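J.: Here is a sequence together with a model predicted from it:
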Amino acid sequence: AATASTLLHADPPPWQEKALTARWMVANTDWGVLSTSSVHLNGTAFGNPNSFVDGGNGSLYFYVTDRDASMQDVKANPVCSFTLSEAMIPGRCNAAGGP
């Protein structure tokens, strides 16, 4: 089974392997965008960059204060999404956007 240490700096898995690709992305990035429904903007979608660490088991850990706007949103409505981009991985995308 793939672990965080075997996925770090490895070539990406085939894109069809969704779960393995997600684990590879998590192992090779350290921030993403947490999107919530904002309690401060009447439910408007709100994306906020957040750093995280890989728990090594598919879990993401965030060190964020409860005073952060996104955390207030999650407390009010736990439905959210977290987006990572392969462009954040050094050497993966060139200026034209391709690998």
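T.: Structure's in. What do you need?

J.: quick one: the helices in the chain?
T.: For the chain, the helices defined by DSSP state H cover 4-7, 18-28, 69-76.

J.: any idea of the mean pLDDT for the first one?
T.: The predicted model assigns helix 4-7 a mean pLDDT of 71.

J.: Which of the helices of the chain sits closest to C93?
T.: helix 18-28 (12.5 Å; Cβ to Cβ). The way it works is simple: take the backbone N, C-alpha and C, and place the C-beta from them, glycine included.

J.: Give the other helices and strands that the closest one contacts.
T.: helix 4-7 (3 or more Cβ pairs under 8 Å, 6 or more residues apart in numbering; DSSP states H and E).

J.: let's go with 10 Å and repeat that
T.: helix 4-7, strand 53-54 (3 or more Cβ pairs under 10 Å, 6 or more residues apart in numbering; DSSP states H and E).

J.: other SSEs contacting the shortest one?
T.: In this structure, strand 53-54 packs against helix 4-7, helix 18-28, strand 60-61, with contacts taken as 3+ Cβ pairs under 10 Å, 6+ apart.
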